[in-house]
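Student: Show me how the following folds:
(one chain, ligands or ions: 1)
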Amino acid sequence: MAITPNIRPAAAAIPNMIPQPDSVTPGEGSFTVTAATQVLCAGKQADCAWVAKYFTGLLKRSRGLQLSAGTGEQSGAISLRLSAGMGPEAYRLDIAPGGATVTASTRVGLLYGAVSLWQLLTQNNAAASSIEIAGMHITDAPRFGMRGLMVDSARHFESAKFIKSFIDTMVWHKLNVFHWHLVDDQGWRIEIKKYPKLTKVGAWRTPDEAGLKDIDPATGHPRPYGGFYTQKDVREIVAYAKARGITIIPEIEMPGHATSAIFAYPELGSGTAPIGVETGWGVFPQLYNVDDKTFTFLENVLTEVMGLFPGSYIHIGGDEAIKDYWKSSPKIQAQMKALGIADEKALQGYFTARIEKFLSAHHRRLIGWDEILEGGIPASASITSWRGLDGGIAAARSGHDAVLSPEKPLYFDWRQITGAGEAPGAGRVNMLREVYDFNPSLDALTPEEQRHIVGVQANTWTEYLTQEELVANAVFPRAAALAELAWSAAPKDWDGFMARMPAQYGRYRAMDIPHSEAAMKVKVESRYEAGRGAVTLSNQTSFGEIHYTLDGALPTALSPLYSAPLTVPLPAVVTAAAFREGHILSFPTIARVDLASLYRRDNQDMKFCDGRGAAVLDDAPPSGPRAVFQVNAVHPCWIWEKADLNGVSTITAAVGQVTASRKPGPMLAPSTPDGELEVHLDTCEGERIAVLPLAPAVKNDAITTLQAALAPRAGVHDVCFIFTRSKPDPIWAISWVQLGPPARP
Ligand code: ACM
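Tutor: Numbering: from 1, shown residues only. Below is the predicted model of the structure:
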């Protein structure tokens, strides 16, 4: 579907809906919904009845109101009407004193209209047994035909139950493509009947013993990690998605990112056989070979995949296929020569073309990551552009359809914010505002070329999202900004979007959807200043007004308004939240400010010595509390910027161990067998002012607190923390550091 132009009258009052509808016109009076309100279809149409039931389910779950559904026509009812003449996903919603009417030409249009009505009924969080909505007329249709979210089920496995609930959350955002990353080096996640070893062998990885905590007491060895979806699971998920207007695009990676398959069937490989399903993260050299037998294998796999997924697109990955094994294989080189193929990129082009021919013959369309453009692609192939927009633009110019999915800002595994207490994720940050502000300028393309930009999509890779709740937490609320981008043709209006977001957070809370409130939540930063605490309050988006208390009470809109840094006596408890028009926007932040807190830093509030390859990892020790570490596994080293060392003579550090799954960089040699945490002044090469031996922490799978003397140094300095070690695993990480004694005038 093409992009519609941004021409519309300025909307006077946009209701609290996300994504913003195409057109909202104020109407007469208002309509009130109570438990007695009926939801009526004109007749016994199955699609309408299904939507009616879905709608009543949403309202029950979010507001506790149970409406009954039936057929007929009645004043005061919610009427769902299927009627020809509208676009495939379009709907109309009319609210008037005599009732609410949703009209659409398709089941999915009706569903989107019902979701919009549900949003009108959940515009605030007030508990109510009757909900009044203003009279209005809404007409609505999407900007892009493909509005996608990708979830990586290969790096970490999500249950079928989670996938279904995720699909529901997509419907509430009017997103319609679920791109399912089912294959990678670290796991093959879909049952293929003809090749049982793909899941018997390829779905399980066994982490290295070294440094591993998840030892099965029954065997004394690490527990294998993995899982897969049976064909029955897949059929159920596909049907579940279809009922909700969502097409699933399965991704079967080739020729790289397939160590799992090559380990299961080594004859498919092209270089040194893998020694296991991959346990680390990154790009690995395993590539399929180009034997006819391998293409037969892939075609047989795709035949089963096509049998399960009825959508037209099949994603074949194609990203990050480093060609070392093809370059060093005499057999592959001989095959290239025989085929007249000039280089390895062109060989990937040949690979893609063979698969495309097969898919085309079965009336399916090939889609792959933008790398597939490099080897030349067949005319019908489409791409998902992730390395910026260039791939998408190049594809459109050469007549290929493209989905825009640039990693900045549409990788949702990147964190939403930095700072203590935030969830794990990849080290880089994509803020809610960056997602919202993403507006691909396609002016460089002709209208004909623009028609090839068929959609936008966000991707959620799961290297560091080890649990389902973390996946959801990474996706929401950024999916709301994605939805707005993908659905609404309205001009960008950040303040307007944020004004509608509190209602969306309310829906997430009401529906028990894990989500991040980082955009709204107040951050409390404090430093020591002449015997008092200097406290700064902020939130990421500078949205709303911050109110605070100093007496431990929860703030209200009547509490003192924050306007400039506070100076508080020690100790103090600062409790703060952002408000808008009297309504609280997020959970309050409670911070104790005392001498100890002023001389303490959480690892997430320190700087990486080297940000490349950094991530925020969580740790699941069999005993003790779960900890979240911001760590660069290649170079585990942190800097506390501008630490006040005046009067400081001790250091306490809480340390833990994580399995890093990355190749380590150069390691600093230890001076004791178990290594130590070294503390350096000003830079990591600067004077060593403290050493904390790790011996007491080695056997503890949870957090260990170490203490040592620190050479007194006056003034304010950057302080570097770096671990020495003689082996790559485990990675040691700082949880927090405390300078002492905090005895001050
Ligand atoms: C990708 O991020 N390798 C598509």
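Student: Quick check: residues of this protein near the ligand?
Tutor: Within the chain, the positions adjacent to the ligand are 319, 320, 369, 386 by C-beta under 6 Å from any ligand atom. Using the backbone N, CA and C atoms, a C-beta is placed for each residue, glycine as well.
Student: Try it again at 8 Å.
Tutor: Residues of the chain lying close to the ligand (C-beta under 8 Å from any ligand atom) are 257, 317, 319, 320, 369, 384, 386, 387, 407, 411, 459, 461.
Student: where are the low-confidence patches of this structure?
Tutor: 1-13, 208-214, 613, 620-626, 660-661, 742-745 (pLDDT under 70).
Student: rewinding a little: tell me the buried residues within the residues of the chain next to the ligand.
Tutor: 257, 317, 319, 369, 384, 386, 407, 411, 459, 461 (16 or more other C-beta atoms under 10 Å).
Student: which ones among the residues you listed are found in strands?
Tutor: Judged by DSSP state E, strands contain the following of those: 369, 384, 459.
Student: Just send these back as JSON lines, with distance to residue 240 too.
Tutor: Compiled in JSON lines, those are given as follows (distance: C-beta to C-beta, whole Å):
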{"residue": "369", "distance to residue 240": "27"}
{"residue": "384", "distance to residue 240": "23"}
{"residue": "459", "distance to residue 240": "21"}
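Student: Looking at the residues you listed, which is nearest the ligand?
Tutor: Nearest to the ligand out of those is residue 369 (C-beta to the nearest ligand atom; 4.6 Å).
Student: Report the contact partners of the residue of the chain found nearest the ligand.
Tutor: For the chain, the residue closest to the ligand is residue 319, as judged by C-beta to the nearest ligand atom, at 3.9 Å. Contacts for residue 319 (C-beta atoms under 8 Å, 6 or more residues apart in numbering) come out as 253, 256, 257, 368, 369, 370, 371, 386.
Student: Surely the fourth one and residue 381 touch.
Tutor: Yes - using C-beta atoms under 8 Å, residue 368 is in contact with residue 381, at 6.8 Å.
Student: tell me the phi and psi of residue 56?
Tutor: Main-chain dihedrals, residue 56, degrees, to the nearest 10: phi -60, psi -30.
Student: List the contacts of the closest residue to it other than its chain neighbours.
Tutor: Using C-beta to C-beta, 6 or more residues apart in numbering and skipping residues adjacent in sequence, the residue nearest residue 56 is residue 67, 4.9 Å away. Counting by C-beta under 8 Å, 6+ apart, residue 67 touches 33, 35, 37, 38, 39, 56, 59, 60, 78.
Student: let's see it at 10 Å
Tutor: 33-39, 52, 55-57, 59-60, 77-78 (C-beta atoms under 10 Å, 6 or more residues apart in numbering).
Student: from those, which is closest to residue 275?
Tutor: residue 57 (49.0 Å; C-beta to C-beta).
Student: neighbours of the closest residue in space to residue 20 that isn't next to it in sequence, just the number please.
Tutor: Nearest residue to residue 20 in three dimensions, chain neighbours excluded: residue 488, at 4.5 Å (C-beta to C-beta, 6+ apart). By other C-beta atoms under 10 Å, 24 other residues sit near residue 488.
Student: Residue 488 reaches residue 140, doesn't it?
Tutor: Yes - taking contacts as C-beta atoms under 10 Å, residue 488 lies within contact range of residue 140: 8.9 Å.
Student: Quickly list what's touching both of the two.
Tutor: Joint contacts of residue 488 and residue 140 (C-beta under 10 Å, 6+ apart) are 17, 19, 20, 21, 22, 174.
Student: Correct me if wrong: the last one contacts residue 115.
Tutor: Yes - taking C-beta under 10 Å as the definition, residue 174 is a contact partner of residue 115 at 6.8 Å.
Student: which residues are common contacts for the two?
Tutor: Going by C-beta under 10 Å, 6+ apart, residues that sit against residue 174 and also against residue 115 are residue 245.
Student: mind listing the helices for the stretch 451-600 of the chain?
Tutor: Secondary structure of the stretch 451-600 of the chain (DSSP state H, counting those that start in this stretch): helices at 468-475, 478-487, 494-510, 595-598.
Student: Quickly compare these and say which is most buried.
Tutor: helix 478-487 (a mean of 26; mean count of other C-beta atoms under 10 Å).
Student: so how far is it off the chain centroid?
Tutor: The chain centroid and the centroid of helix 478-487 are separated by 13 Å, computed with C-alpha atoms, centre = their mean, to the nearest Å.
Student: Just to check, residue 442 is in contact with residue 453?
Tutor: Yes - Residue 442 lies in contact with residue 453 (C-beta under 10 Å); the separation is 6.0 Å.
Student: more crowded one of those two?
Tutor: Legend: neighbour count by other C-beta under 10 Å for residue 442 and residue 453, higher for residue 453 (25 against 18).
Student: Name the nearest residue to residue 555, ignoring sequence neighbours.
Tutor: Excluding its sequence neighbours, the residue lying closest to residue 555 (C-beta to C-beta, 6+ apart) is residue 547, at 4.5 Å.
Student: doesn't residue 579 make contact with that neighbour?
Tutor: Yes - counting by C-beta under 10 Å, residue 547 touches residue 579, with 5.6 Å between them.
Student: Common neighbours of these two, please.
Tutor: With C-beta under 10 Å, 6+ apart as the test, residue 547 and residue 579 both reach 555, 556, 557, 558, 559, 561.
Student: what's the most distant pair in those?
Tutor: Applying C-beta to C-beta across these, the maximum distance is between 556 and 561, 11.4 Å.
Student: residues shared between the contacts of these two?
Tutor: 547, 579.
Student: Could you identify the buried members of the shared contacts of residue 547 and residue 579?
Tutor: Going by neighbour count (16+ other C-beta under 10 Å), the shared contacts of residue 547 and residue 579 have 555, 559 buried.
Student: Among the shared contacts of residue 547 and residue 579, which one lies nearest to residue 659?
Tutor: Among those, and counting by C-beta to C-beta, the member closest to residue 659 is residue 555, at 40.7 Å.
Student: tell me the contacts of that closest one?
Tutor: 522, 546-549, 561-562, 574-579, 584, 588-589.
Student: Adding distance to residue 659, write the helices of the stretch 451-600 of the chain out as TSV.
Tutor: Shown next, in TSV, are the helices of the stretch 451-600 of the chain (distance: least, C-beta to C-beta, whole Å):
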stretch	distance to residue 659
helix 468-475	16
helix 478-487	28
helix 494-510	31
helix 595-598	31
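Student: Residue 120 is nearest to which of the ones you listed?
Tutor: helix 494-510 (9.9 Å).
Student: what's that closest one packed up against?
Tutor: Judged by 3 or more C-beta pairs under 10 Å, 6 or more residues apart in numbering; DSSP states H and E, the packing partners of helix 494-510 are helix 46-63, helix 107-120, helix 160-172, helix 432-437, helix 478-487, strand 572-580, strand 583-584.
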